[in-house]
Structures are given as C-alpha cells and as structure tokens.
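*Asks:* Got a sequence here, can you build the structure:
(one chain, ligands or ions: 2)
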Amino acid sequence: MKIAVIGTGYVGLVTGTCFAETGNTVTCVDIDINKVEKLKSGKITIYEPGLEQLFERNLKQQRLFFTTDLAEGIKDAQIIFLALPTPPGEDGSADLKYILKVADDLGPLLRSFSVIVDKSTVPVGTAERVRDRIAANAKVEFSVVSNPEFLREGVAVEDFMKPDRVVIGTTSEKAKKVMEQLYAPFVRQGNPIIFMDERSAELTKYAANSFLATKITFMNEIANLCELMGADVDAVRKGIGTDSRIGKRFLFPGIGYGGSCFPKDVQALAKSSKDAAYDFKILNAVMDVNASQKTKLIAAIKHYFKNSLEGKTVAVWGLAFKPHTDDIREAPALENIESLLSEGAIVKVSDPEAMENVKTIFGSKIQFCENPYEAAKDADALFIATEWPEFRTPDFEKLSTLLNNKAIFDGRNLYDLQQMRELGYTYYSIGREVINGK
Ligand SMILES: NC(=O)c1ccc[n+]([C@@H]2O[C@H](COP(=O)([O-])OP(=O)(O)OC[C@H]3O[C@@H](n4cnc5c(N)ncnc54)[C@H](O)[C@@H]3O)[C@@H](O)[C@H]2O)c1
Ligand SMILES: O=c1ccn([C@@H]2O[C@H](COP(=O)(O)OP(=O)(O)O[C@H]3O[C@H](CO)[C@@H](O)[C@H](O)[C@H]3O)[C@@H](O)[C@H]2O)c(=O)[nH]1
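*Replies:* Residues are numbered from 1 along each chain as shown. Ligands and ions are numbered 1, 2, ... in the order given. Here you go, the predicted model:
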C-alpha cells in the first residue's frame, strides 16, 4: 500500500518505519526542514533501540521517503496518518491546532478515496472535527479513522510490531477493510484488532494512559504509607502483583511518572471531563500526588544536610524520563535539578543518551560528565533519577572512593537494602527503610 505519515516526530518515525518494514511504500512529511534533510541523508533523529536498523534498511530499499511538501507526500496515498503533536493548551486541554491545520491543508489536495487516520492522542470528537474541516475543501470521498498509538518509548519498535492490540475506531466499512489489510501482518503475530466507533477509540487511549498513571500513583501512595508504617513497598508490590487481577506491571514506585504522554493525557482527560460537567475526582488526585512525588527526595537530601544545600555538590544519575530514551519531556530529573540549584547546590549530571537535550535547558548551570563515576567524583551525595541498566550494578568500591559522602538518594529503588547496609552507605529510597539515615 502507499502510505503518508504527516508529522515525523517520535510516533511518526516509528509508524512510518514499521509500515515500510511490512512492505508498504511510506512517505513521511514534516514542516521541520532540518529534520527532513537529516532523515533524507540517512541520519536518524531520535534514539530508540532497534529503530535505526529498520530505518536504514527501508531507506536503502526505497520504501521510506521524507519530504516537507504535503502535496508530494500524500500523492497517491491510500492512507494518510496524522502523527502530529497535541500538546497541552493553557487550560490543560489538548491543543488541536496542528491537527486542524493539516486537516485544512489536506482537503484541497485529496485526489481519490483516502483514509485519514488520527494516530495522535486526541480528545473525543476530534475525528468528527477533522472530517468537517477536510470536507469543507475536499472534492473526493474520504474517511476519518481513529487509530490511537500505544507504543512506549524505549521499546517502541517491539510495541509497534507486536502490539497487545490495535484499536481502530471507524463506522465506515470501506475504511475498515483498508485498515484491516494494513494491519494484517501485525495480527498474524497473534494480536487482535479491536474495531469500535471513533469516539470510543479516542477515549480508549486516554483511559489506558490515565489508568496506568493511576496505577503508578496508587503504588507511590502505598510507598509513602510504607515509609510511615515501617513496611517495605517491594514486598507489598510482590504481594499484590501476583494477584492476576492486579498484575505485576506498572507497580513500581518512584519519583513520579513523567514523559510526553502521561502528564499531558491525564490533564487533558480531566479537562474533557470538566467540560462534560463531570468531576473526575481520581484524576485530580493523581495529578496532585504526582506533583509532590516528583521532588519528595529533595526533602530527604535537605534533612540529611541539616537543611542547607548551599555549596553542596550533588551528582545526578539519569536525566531521561525513563531508560532507553533521550526524551526529557516532563522528566522528574529536571524538576529535581531545578530544586537542587535553587537550594544553592552544585549539580553534576550523567546520562547515557539525554545529555545533549538537557544542555539546551541548563547550559552551564550544571556540569555534564562523561560517565557516572566522573559525576560522582567529589560529590557530597548521589541522586538517582532514571533506572538505566548501567546504574544498577555500579562498582561500589570505586564509588566509595569518589564520593565525599557515602550518601545515595535513589528515586528508582535500584539497590538492595542489605547490601547498602553492609557497604556502609546512607541510603534513602522510595517506600523502604532508610539505611544509616540521620
Ligand atoms: N511519544 C510517544 O511515545 C507517543 C506514544 C503514543 C502516542 N503519542 C501521541 O502521538 C502524537 C505525536 O507525538 P510525538 O511524540 O511523535 O510528537 P513530536 O513532537 O515528537 O513530533 C511531532 C512532529 O510533527 C511535526 N509537525 C508539526 N506540525 C506539522 C505540520 N503542519 N506538518 C507536518 N509536520 C508537522 C513536528 O515538526 C514534529 O516533528 C501526540 O498526540 C502524542 O500524544 C505519543
Ligand atoms: O511501574 C512504573 C512504570 C512506569 N513509571 C513511570 O511512568 C512514566 C511513563 O512510562 P512508560 O509508560 O513506560 O513510558 P511512555 O513511553 O511514556 O509510554 C506511555 O505513554 C505512551 C504515550 O501515550 C503510551 O503509548 C504508552 O502505552 C504508555 O505506557 C515514566 O516516567 C516511568 O518512569 C513508573 O514510575 N512506574
């Protein structure tokens, strides 16, 4: 099939590359000239494990193309994906300006029956709005379908190629057939396509993200309670996760959820609910708890240093909002660094992939270090914000010689309590006993 993908950010690039990999001819369109030039010349624009190989192969085999020209990009395309940003507007609702602009531009360019697919995360009713905007200028028949994307950054290729499910919202039989054919290779891998109406598909995406954010937040509150009650959140997590009705995944407490999706999508669903005159109380609580969870270790660090961080050096391991990505959108590390700096601390950071992105925010206000040990050198405390695998089993002997103080504030519960006790570290983590605390 011939496919166009409008928007070549995270989702657009993964979508385009994976559909090319299953034998389609894909043209990705973006207004960002630099991005398109880079991609055309064979350089990938995001760090995502496994993507580069697929990208290079499909580019070489001339199944994957890039352009800034919308008319050229959609020429002869049977399916046009919209993978455009839907950032939070000032009132928290999803800003649809990018989507509606492209809808306006598409109308006059359509030449034959096309299926236009909302891949972006969009509020209920958007498919109808996109349909109306295209219809205002279109001279041919078309369908607008909702096909939300559930991939996770860091495992995006795996999630896209082997999705738990594909949700397709359409009431058009013609569009349904086209989408069924497109996704056939993915269904052959044993995963269902779930057809529904457009509105239900749009809400499914927000319900999934909000449910997962709530699950994490619930565990963060249990962790906070564990600290007050002398229980261990790891034990409680295992104790409840083995109940198949609850499930083991997404029960890991930490310094809050971040990323480009959960924060904005929970906020957008809360706003849509409000607009529908429904007070979605749980979502408001989730946002409140997450906001305080993000910087909860700052209080512990301050307590450890007798309320003053002035002149103290803190090494921060991990900047990305999660491992295996260079994405720093809403990353808890950023807020913690802000807090440390505002308390007068000197901050040294290390992250395997996200340093370049963070340089654009903090510049010379913080020190960027080649590796985690360089960051730890002469630091008065170590703060862990992201659970990169390389932070899980550091050389503790080396670390002890580098740090001024053997004090670790771990926002991701990476280390064993007994080991920390034996090594003589002061160790604060989330929902667990404080080792050698002050
Ligand atoms: N990032 C994720 O993991 C993820 C997962 C599932 C769903 N989503 C949703 O997918 C959507 C896209 O997210 P993303 O992270 O890929 O966004 P992004 O910001 O990484 O990329 C969006 C791209 O669209 C381009 N763009 C803007 N206006 C354009 C126009 N008029 N024509 C062509 N290109 C244009 C931008 O230049 C940018 O490259 C959002 O709605 C998001 O919520 C994201
Ligand atoms: O047990 C857990 C699991 C995750 N997180 C945090 O939650 C955030 C989001 O993690 P994750 O869901 O793995 O990453 P995303 O790439 O943001 O993916 C989410 O957001 C995407 C965009 O909508 C959806 O497509 C995915 O299905 C959904 O998982 C990160 O800050 C994680 O550190 C926890 O704190 N504890």
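*Asks:* Residues of the protein that sit close to ligand 2?
*Replies:* Within the chain, the positions adjacent to ligand 2 are 121, 149-153, 209, 212, 216, 250-252, 254, 257-259, 261-262, 321-322 by C-beta under 6 Å from any ligand atom. Using the backbone N, CA and C atoms, a C-beta is placed for each residue, glycine as well.
*Asks:* which of those count as buried?
*Replies:* Burial of the residues of the chain next to ligand 2 was assessed by neighbour count (16 or more other C-beta atoms under 10 Å); the buried members are 121, 149-151, 153, 209, 212, 216, 251-252, 254, 257-259, 261-262, 321-322.
*Asks:* Among those residues, which ones are in helices?
*Replies:* Cross-referencing these against helices under DSSP state H gives 209, 212, 216, 262.
*Asks:* got those as TSV, with distance to residue 396 columns?
*Replies:* Converted to TSV, these look like this (distance: C-beta to C-beta, whole Å):
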residue	distance to residue 396
209	37
212	33
216	29
262	33
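*Asks:* The residue lying closest to residue 57 once chain neighbours are set aside: how many residues sit nearby?
*Replies:* The spatially closest residue to residue 57, leaving aside those adjacent along the chain, is residue 21, at 7.6 Å (C-beta to C-beta, 6 or more residues apart in numbering). Residue 21 sits with 21 neighbouring residues when counted by other C-beta atoms under 10 Å.
*Asks:* Was I right to think residue 21 contacts residue 54?
*Replies:* Yes: Residue 21 is in contact with residue 54 according to C-beta atoms under 8 Å; the separation is 5.2 Å.
*Asks:* Domain parsing of the protein, as residue ranges.
*Replies:* With automatic domain parsing serving as the domain definition, the record reports that the chain contains domains spanning 2-196, 205-292, 295-428.
*Asks:* With mean pLDDT as added columns, please give these in a markdown table.
*Replies:* Converted to a markdown table, these look like this (pLDDT from 0 to 100):
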| stretch | mean pLDDT |
| --- | --- |
| domain 2-196 | 96 |
| domain 205-292 | 97 |
| domain 295-428 | 97 |
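*Asks:* For the residue of the chain most remote from its centre, list the residues it contacts.
*Replies:* In the chain, counting by C-alpha atoms, centre = their mean, residue 139 sits farthest out from the average C-alpha position, at 38.0 Å. Residue 139 makes contact with 108, 110, according to C-beta atoms under 8 Å, 6 or more residues apart in numbering.
*Asks:* which SS state does it fall under?
*Replies:* Assigned by DSSP: H, G, I helix; E, B strand; the rest coil, the conformation of residue 139 is coil.
*Asks:* Mind giving me the packing neighbours of the helix or strand where residue 181 lies?
*Replies:* Element membership for residue 181, per DSSP states H and E: helix 173-187. Using 3 or more C-beta pairs under 8 Å, 6 or more residues apart in numbering; DSSP states H and E as the contact criterion, the elements in contact with helix 173-187 are strand 79-82, strand 114-118, strand 142-146, strand 166-169, strand 193-196.
*Asks:* Let's see that with 7 Å instead.
*Replies:* Judged by 3 or more C-beta pairs under 7 Å, 6 or more residues apart in numbering; DSSP states H and E, the packing partners of helix 173-187 are strand 114-118, strand 142-146, strand 166-169, strand 193-196.
*Asks:* possible to save those as TSV with mean neighbour count?
*Replies:* Compiled in TSV, these are given as follows (neighbours: other C-beta atoms under 10 Å):
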stretch	mean neighbour count
strand 114-118	27
strand 142-146	24
strand 166-169	22
strand 193-196	16
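*Asks:* Residue 310: neighbouring residues, count only.
*Replies:* The number of residues packed near residue 310 is 10, by other C-beta under 10 Å.
*Asks:* what separates it from residue 123, distance-wise?
*Replies:* Look at residue 310 and residue 123: by C-beta to C-beta, to the nearest Å, they are 46 Å apart.
*Asks:* now do residue 292
*Replies:* Counting by C-beta to C-beta - residue 292 and residue 123 are separated by 27 Å.
*Asks:* what's the neighbour count on the nearest residue to residue 68 once chain neighbours are set aside?
*Replies:* Here the nearest residue to residue 68 in space, its sequence neighbours aside, is residue 36; by C-beta to C-beta, 6+ apart that works out to 5.0 Å. Residues lying near residue 36 (other C-beta under 10 Å) number 19.
*Asks:* Sticking with residue 36, tell me its helix or strand.
*Replies:* helix 33-40.
*Asks:* name the helices or strands packed onto that helix?
*Replies:* Applying 3+ C-beta pairs under 7 Å, 6+ apart, one finds that helix 33-40 contacts strand 64-67.
*Asks:* switch to 10 Å and redo it
*Replies:* In terms of contacts (3 or more C-beta pairs under 10 Å, 6 or more residues apart in numbering; DSSP states H and E), helix 33-40 is packed against helix 10-21, strand 25-29, helix 51-60, strand 64-67.
*Asks:* Can you lay out these as CSV showing distance to residue 181?
*Replies:* As requested, the helices and strands packed on helix 33-40 are arranged in CSV below (distance: least, C-beta to C-beta, whole Å):
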stretch, distance to residue 181
helix 10-21, 12
strand 25-29, 14
helix 51-60, 19
strand 64-67, 19
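*Asks:* closest one to residue 288 among the ones you listed?
*Replies:* helix 10-21 (27.8 Å; C-beta to C-beta).
*Asks:* got the CA positions of the closest one in PDB?
*Replies:* The C-alpha atoms that make up helix 10-21 are tabulated as PDB, following Å, rounded to 0.1, in the frame of the first residue of the first chain:
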ATOM      1  CA  TYR A  10       8.600  10.100  17.700                       C
ATOM      2  CA  VAL A  11       5.300   8.400  16.700                       C
ATOM      3  CA  GLY A  12       5.500   9.400  13.000                       C
ATOM      4  CA  LEU A  13       9.000   8.000  12.500                       C
ATOM      5  CA  VAL A  14       8.200   4.700  14.300                       C
ATOM      6  CA  THR A  15       4.900   4.400  12.400                       C
ATOM      7  CA  GLY A  16       6.400   5.200   9.000                       C
ATOM      8  CA  THR A  17       9.400   2.900   9.500                       C
ATOM      9  CA  CYS A  18       7.400  -0.100  10.800                       C
ATOM     10  CA  PHE A  19       4.800   0.200   8.000                       C
ATOM     11  CA  ALA A  20       7.700   0.300   5.500                       C
ATOM     12  CA  GLU A  21       9.100  -2.800   7.100                       C
END
